[in-house]
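K.L.:
Let me see the structure of the following:
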Amino acid sequence: MKDDLVDIGQSIDIDNYGDKPFTIFIEPWCLEFTVSPRDKYSIMGIGPKRGRFSIDHTDTDLIICAWPGSTIKINKNGVEIENDLPRVPPIPGWEDLLDLDRFKK
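P.N.:
Here you go, the predicted structure:
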């Protein structure tokens, strides 16, 4: 499907309304950011539409993983802090995981 290769944007907005900082880890670039109280982060992923962010968390951390073929832009409190990251390389078998038609048989 050629449309699946067209880039789309996905965004995640993160606000710390609490009184304690927490950490965001962004993979696969091994980026780490401390989100202080009242900080606002916006993470924009750009990549093939057959993918999406994967998000996990612990009690004190947020882990965001980008999908194959994507890259990201990051704003902190309205200021761009990251925008020149390489695209996530292909992962063998990734497309097969998204091919739900094969389960219809």
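K.L.:
For this structure, which segments count as helices?
P.N.:
Along the chain, counting by DSSP state H, helices occupy 94-98.
K.L.:
What average pLDDT does stretch 50-70 get?
P.N.:
For stretch 50-70, mean pLDDT is 90.
K.L.:
Now do the buried residues in that stretch.
P.N.:
R50, G51, R52, F53, L62, I64, C65, A66, W67, P68, G69, S70 (16 or more other C-beta atoms under 10 Å). C-beta here means a position set from N, CA and C on the backbone, and glycine is covered the same way.
K.L.:
Kindly report the same for stretch 67-87.
P.N.:
Buried residues in stretch 67-87, defined by neighbour count with 16+ other C-beta under 10 Å: W67, P68, G69, S70, T71, I72, K73, I74, N75, K76, E82, L85.
K.L.:
now do the same end-to-end measure for it.
P.N.:
Taking C-alpha to C-alpha, to the nearest Å, the first and last residues of stretch 67-87 lie 9 Å apart.
K.L.:
Could you list which of the buried residues of stretch 67-87 belong to strands?
P.N.:
Residues of those located in strands (DSSP state E): T71, I72, K73, I74, N75, K76, E82.
K.L.:
Any figure for the gap between the last one and I64?
P.N.:
Taking C-beta to C-beta, to the nearest Å as the criterion, E82 is separated from I64 by 12 Å.
K.L.:
Then the fifth one?
P.N.:
In this structure, N75 and I64 are separated by 14 Å, where distance is defined by C-beta to C-beta.
K.L.:
likewise the second one?
P.N.:
Taking C-beta to C-beta as the criterion, I72 is separated from I64 by 9 Å.
K.L.:
Which residues are in contact with each of the two?
P.N.:
I26, I43 (C-beta atoms under 8 Å, 6 or more residues apart in numbering).
K.L.:
For the nearest residue to D56 once chain neighbours are set aside, give me its contacts.
P.N.:
Of all residues beyond its chain neighbours, the one nearest D56 is I63 (4.5 Å), with distances taken as C-beta to C-beta, 6 or more residues apart in numbering. Contacts for I63 (C-beta under 8 Å, 6+ apart) come out as I24, F25, E27, I55, D56, H57.
K.L.:
Distance to V35 for those residues - can I get that in JSON lines?
P.N.:
Converted to JSON lines, these look like this (distance: C-beta to C-beta, whole Å):
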{"residue": "I24", "distance to V35": "6"}
{"residue": "F25", "distance to V35": "11"}
{"residue": "E27", "distance to V35": "16"}
{"residue": "I55", "distance to V35": "14"}
{"residue": "D56", "distance to V35": "16"}
{"residue": "H57", "distance to V35": "12"}
